[in-house]
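1. Fold the following for me, if possible:
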Amino acid sequence: MTLYDTLASLWRTVVPLIVGTVVALLSHAGIGVDSSALTLWLGTAFSAGYYTLFRILEAHVSPAWGWLLGLARPPAYPSTATAPRAVRSEPRA
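-> Residues are numbered from 1 along each chain as shown. This is a model prediction of the structure:
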């Protein structure tokens with residue numbers, strides 16, 4: 001996996017969490033939520049739903065939906081069958 005793929009996968013995970021946090025903070029502005037635990041659960045549930053929705057839209061409708069996850073292109077992971085193998089440099093006897 002390249003550095004870009006690693007950073008892209010992290011970024012595409014963090015963006016929905018940021019969106020969930022913003023939604024949770026905005027819920028305090030208009031709704032009198034007293035429990036911080038409730039806010040945490042709502043933010044987490046929203047983040048998970050947000051990520052799931054836009055991954056499905058990206059995969060089945062248009063890759064452009066990936067922009068709402070932070071990047072329009074998901075990272076590409078090499079399969080283990082095509083990944084280069086390490087070469088041992090032990091002398092043969």
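2. Looking only at the longest helix along the chain, what residues are buried by neighbour count?
-> Looking across the chain with DSSP state H, the single longest helix is helix 3-30. By neighbour count with 16 or more other CB atoms under 10 Å, helix 3-30 contains the buried residues A8, R12, V15, P16, L17, V19, G20, T21, A24, S27. The C-beta positions use only the backbone N, C-alpha and C, and glycine is treated the same way.
3. Can you tell me which of these comes closest to G43?
-> Within those, the smallest distance to G43 is 3.4 Å, found for A24 (CB to CB).
4. so the closest one sits right up against Y50, yeah?
-> No - with contact defined as CB atoms under 8 Å, A24 does not count as touching Y50 (11.9 Å).
5. what about T52, distance to A45?
-> Applying CB to CB, to the nearest Å, the value for T52 to A45 is 11 Å.
6. Okay, and the closest residue to A64 other than its chain neighbours sits in which element?
-> Sequence neighbours aside, A72 is the residue nearest to A64 in space, at 6.1 Å (criterion: CB to CB, 6 or more residues apart in numbering). According to DSSP states H and E, A72 maps onto no helix or strand at all.
7. Now do the contacts for the most centrally placed residue in the chain.
-> Computing the C-alpha centroid of the chain and ranking residues by CA atoms, centre = their mean puts T13 first, at 2.1 Å. Neighbouring residues of T13 by CB atoms under 8 Å, 6 or more residues apart in numbering: Y51.
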